[in-house]
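Asks: build the 3D model from these lines:
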Amino acid sequence: MTIYETIKAAISVKQAAEHYGLKVNRNGMACCPFHNDRHPSLKLNEDYFFCFGCGAKGDVIDLVARLFGLTNLQAAQQLASDFGLNQKPPAAADMDKPKRPYIRQFREDEMLCFRVLTDYLHLLEDWKVRYAPKTPEDTLDDRFVEACQMHCYIEYMADVLTVGDLEERVALVDKLMQDGKIAFLQEYITRNHNKFMGYTKNENGDLVIVPEEAEIVRLIFRLYLEGYSAKKISQYLEENGIKTATGQDKWYDSVIFKMLRNEKYMGDALLQKTYTVDFMTKKKVINKGIVPQYYVEDDHEPIIPKELFYRVQEELARRASMNKSAVTRKKNQKSKFSSEYALTGLLLCGDCGQEYRRVTWSRNGKKKIVWRCSNRLTNGTKNCKKSESLEEGALNRAVMEAINRITRGDGDFVGAFRQNVIRVIGSYSGEQEPDEYDEKIKEKEAEMVALITENARVGSYTDEFDERYRRIAEEITILKEEQIETRRKKKLADSYEQRLKDMDSFLEKQTCQIPEFDNDLVRRLIASIKVVSAKKLIIRFQSGIVMEQEIRYE
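Replies: This is a model prediction of the structure:
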């Protein structure tokens with residue numbers, strides 16, 4: 001057999017494509033590297049490939065020859081070398097080849113460059129209108145000048161990435177990725193943009209809520225608490241035609257996570273997240289403790305209540321603790337988060353505290369769905385001796401019965417919970433407001449300054465001065481401690497008040513029995529479920545209500 005026959009018999013087109021970095025989906029389709037392909041149009045069969053976009057076609061040798069600019073012989077010998085077919089690479093294999101990126105990495109870099117360039121283009125278009133001179137005598141704003149100078153050039157580069165041939169796109173991406181140019185431009189855009197989702201800046205640089213976008217932010221937070229993953233939230237937004245803050249149709253998971261963690265949405269601001277390391281190049285890096293950071297509470301009007309924001313942070317932490325694959329997970333570590341089943345992560349073993357897992361039993365040709373302690377499944381009775389296996393049907397019925405008891409307002413526990421909340425809120429109502437302490441502290445500080453000034457004028461140091469100074473300093477310390485404690489109580493009262501409002505709002509909307517198990521409803525209402533026995537659960541609701549629930553088997 002010739003080398004060509006050997007290669008074609010041993011290596012399929014799909015194998016070679018995946019080896020050299022093309023991402024092939026389950027249907028054997030990939031984005032064509034021979035033209036500017038945004039959607040998969042290259043069909044990869046066992047013995048040949050064909051592009052429905054540009055018409056490129058051939059066998060595995062033709063594919064590699066076109067990818068790397070080789071002759072057919074060089075491509076065959078390169079394949080033999082890369083796949084270990086014991087063919088000696090020719091001298092040509094060692095010579096310099098045209099610089100081509102690893103295909104998959106190139107695709108990622110190209111998409112990043114295109115996204116950053118279009119964001120910068122939108123920013124320049126905004127500056128060109130917003131900062132245009134009103135009269136011929138006006139001094140030109142630097143941002144208007146930058147927009148006039150850079151707009152055409154940035155538009156040209158975006159066009160190259162859109163309709164340019166492969167050689168032009170590779171050269172441009174290489175140029176932009178060198179020395180972190182695209183990363184610098186991305187940070188520059190973020191620093192100078194007048195708005196991000198939910199907010200814009202007024203003429204003074206203060207954050208102002210954009211009502212339409214604020215609704216999108218609230219929707220994202222609500223969907224996450226209802227059990228949606230970041231990926232599903234992105235899909236939901238795209239399917240409903242909701243655009244990003246920069247007007248893009250595509251939502252990225254990373255953007256969703258950044259929004260969910262952004263303290264600005266609850267009205268606070270963390271200053272100096274980054275700092276400048278080189279004032280000549282204006283290079284900024286993430287601040288990891290090199291310079292002080294300052295956290296400012298109530299810096300601007302919030303979109304998300306603090307209580308809701310903190311619940312999202314708890315849910316982020318909970319899911320992150322579960323997010324380990326089965327391969328890398330140790331015996332007692334938690335499993336990967338799943339948004340398909342609401343009870344995953346909520347149902348806990350009353351014996352060992354580990355989470356329950358949904359499993360399928362097969363006996364005599366019949367299948368049965370049960371929930372079992374993951375610790376017992378992994379380690380047997382050694383670490384968990386008394387956990388119970390629960391039938392899914394009976395478990396789901398018990399959970400929905402508990403929810404229906406809440407919706408009907410049955411039992412004394414709802415009234416008791418309301419009384420507890422009112423008592424907590426009432427205990428705070430007699431306290432001073434935290435801001436009222438500021439005036440008292442300022443008065444004491446002024447008294448201390450006056451004492452020091454008087455002592456300096458007299459020019460003598462006495463025991464009386466020392467005693468008065470110590471007493472004022474102690475009073476200031478006490479006032480500050482009381483202010484901190486009052487703030488803590490106010491946050492607690494606000495938290496319980498918000499829970500009470502959420503509960504009342506939900507109860508008002510529920511006027512009938514909920515017959516079937518509802519994943520979204522369970523995620524919204526329930527914080528955890530503890531399995532006490534095969535017939536008893538302890539359910540803790542997000543509102544703070546805790547109740548016992550019987551499991552009834554048919």
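
Asks: going forward, measure contacts between C-alpha atoms and count neighbours the same way
Replies: Fine.

Asks: all helices of the stretch 1-150 of the chain, in order?
Replies: 3-10, 13-19, 60-68, 72-82, 103-130, 142-163 (DSSP state H, counting those that start in this stretch).

Asks: let's have these in TSV, adding distance to residue 545, mean pLDDT and mean neighbour count.
Replies: Shown next, in TSV, are those (distance: least, Cα to Cα, whole Å; pLDDT from 0 to 100; neighbours: other Cα atoms under 10 Å):
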stretch	distance to residue 545	mean pLDDT	mean neighbour count
helix 3-10	65	82	14
helix 13-19	54	86	18
helix 60-68	63	88	21
helix 72-82	63	86	20
helix 103-130	47	83	18
helix 142-163	55	87	16
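
Asks: closest one to residue 342 among those?
Replies: Residue 342 lies closest, by Cα to Cα, to one member of those: helix 103-130, at 34.0 Å.

Asks: any idea how far residue 173 lies from residue 522?
Replies: 47 Å (Cα to Cα, to the nearest Å).

Asks: cool, and residue 146?
Replies: In terms of Cα to Cα, residue 146 sits 53 Å off from residue 522.

Asks: which residue packs closest to the spatially most central residue of the chain, ignoring adjacent ones?
Replies: By Cα atoms, centre = their mean, the chain has its centre lying nearest to residue 257, at 1.1 Å. Nearest non-adjacent residue to residue 257, counting by Cα to Cα, 6 or more residues apart in numbering: residue 230, 6.8 Å away.

Asks: and if you look at residue 440?
Replies: Leaving aside its sequence neighbours, residue 440 sits nearest to residue 479 (Cα to Cα, 6+ apart; 7.7 Å).

Asks: I'd say the one you found and residue 439 touch.
Replies: No - using Cα atoms under 8 Å, residue 479 is not in contact with residue 439; the gap is 10.4 Å.

Asks: more neighbours: those two, which one.
Replies: Shown here are residue 479 and residue 439; by other Cα atoms under 10 Å, residue 479 has more neighbours (17 against 10).

Asks: domain ranges for the protein?
Replies: In the domain annotation for the chain, the residue ranges read 3-83, 103-191, 347-424+514-550, 434-510 (the TED database).

Asks: start and end of the longest one, how far apart?
Replies: End-to-end span of domain 347-424+514-550 (Cα to Cα): 15 Å.

Asks: which stretches in the stretch 151-300 of the chain count as strands?
Replies: Along the stretch 151-300 of the chain, the stretches classed as strands by DSSP state E, counting those that start in this stretch are 195-196, 199-201, 207-209, 269-271, 274-278, 283-286, 294-296.

Asks: worst mean pLDDT among those strands?
Replies: Sorting the strands of the stretch 151-300 of the chain by mean pLDDT places strand 274-278 lowest, at a mean of 50.

Asks: quick one, phi psi at residue 391?
Replies: Torsion angles at residue 391 (phi, psi; degrees, to the nearest 10) stand at phi -70, psi 140.

Asks: kindly report the same for residue 55.
Replies: Here is the backbone geometry of residue 55 (degrees, to the nearest 10): phi 80, psi 0.

Asks: that older thread, so how far is residue 229 from the residue nearest to the centre of the chain?
Replies: With Cα to Cα as the criterion, residue 257 and residue 229 are 10 Å apart.

Asks: repeat that for residue 464.
Replies: Counting by Cα to Cα, the gap from residue 464 to residue 229 is 66 Å.

Asks: tally of neighbours for residue 453?
Replies: Residue 453 has 12 nearby residues by other Cα under 10 Å.

Asks: what residues are up against it?
Replies: Residues counted as contacts of residue 453 (Cα atoms under 8 Å, 6 or more residues apart in numbering): none.

Asks: go with 10 Å
Replies: Residue 453 makes contacts with 447, 459, as judged by Cα atoms under 10 Å, 6 or more residues apart in numbering.

Asks: name the element it belongs to?
Replies: Per DSSP states H and E: residue 453 is located in helix 436-458.

Asks: how far away from the center of its chain is stretch 69-78?
Replies: Relative to the chain's own centre, stretch 69-78 is displaced by 45 Å; criterion: Cα atoms, centre = their mean, to the nearest Å.

Asks: put the alpha carbons of it into CSV.
Replies: The C-alpha coordinates for stretch 69-78 follow below in CSV (Å, rounded to 0.1, in the frame of the first residue of the first chain):
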residue,chain,number,x,y,z
GLY,A,69,-0.6,25.0,3.4
LEU,A,70,1.2,21.7,2.6
THR,A,71,1.5,19.6,-0.5
ASN,A,72,-0.4,16.3,-0.5
LEU,A,73,2.8,14.4,0.2
GLN,A,74,3.8,16.6,3.1
ALA,A,75,0.3,16.4,4.5
ALA,A,76,0.3,12.6,4.3
GLN,A,77,3.7,12.4,6.0
GLN,A,78,2.6,14.9,8.6
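
Asks: pretty sure residue 48 contacts residue 59?
Replies: Yes - with contact defined as Cα atoms under 10 Å, residue 48 counts as touching residue 59 (4.3 Å).

Asks: what touches both of these two?
Replies: 8, 12-13.

Asks: using a markdown table, please lay out the residues you listed together with distance to residue 151.
Replies: Shown next, in a markdown table, are the shared contacts of residue 48 and residue 59 (distance: Cα to Cα, whole Å):
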| residue | distance to residue 151 |
| --- | --- |
| 8 | 50 |
| 12 | 46 |
| 13 | 43 |
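
Asks: quick check, nearest of those residues to residue 77?
Replies: Using Cα to Cα, the shared contacts of residue 48 and residue 59 come closest to residue 77 at residue 8, 12.0 Å.

Asks: hang on, the closest one packs against residue 63?
Replies: No - between residue 8 and residue 63 there is no contact under Cα under 10 Å: 11.7 Å.

Asks: the more surrounded of residue 464 and residue 229?
Replies: Counting neighbours by other Cα under 10 Å for residue 464 and for residue 229 shows that residue 229 has the greater number, 20 against 9.

Asks: picking that back up, ok, the residue nearest to residue 257 - contacts?
Replies: Neighbouring residues of residue 230 by Cα under 10 Å, 6+ apart: 220, 223-224, 236, 251-257, 260.

Asks: could I have the buried ones of the residues you listed as PyMOL selection syntax?
Replies: In PyMOL, this line selects whichever of those come out buried by 16 or more other Cα atoms under 10 Å:
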select buried, resi 220+223+224+236+251+256+260
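
Asks: closest one of the contacts of residue 230 to residue 357?
Replies: For the contacts of residue 230, the nearest to residue 357 is residue 224 (21.6 Å; Cα to Cα).

Asks: run a quick neighbour tally on residue 140.
Replies: Neighbour tally, residue 140, other Cα under 10 Å: 13.

Asks: thought it was touching residue 130?
Replies: No - assessed by Cα under 10 Å, residue 140 is found out of contact with residue 130, at 12.0 Å.

Asks: show me where pLDDT drops low in the stretch 251-400 of the chain?
Replies: For the stretch 251-400 of the chain, residues meeting the criterion pLDDT under 70 lie at 270-296, 321-340.

Asks: which residues does residue 119 contact?
Replies: Residue 119 makes contacts with 113, 185-186, 189-190, 193, 245-248, as judged by Cα under 10 Å, 6+ apart.

Asks: rerun that using 7 Å as the cut-off
Replies: Residue 119 makes contact with residue 246 under the criterion Cα atoms under 7 Å, 6 or more residues apart in numbering.

Asks: relative to residue 196, how far out is it?
Replies: Here the criterion is Cα to Cα. By it, residue 119 lies 12 Å from residue 196.
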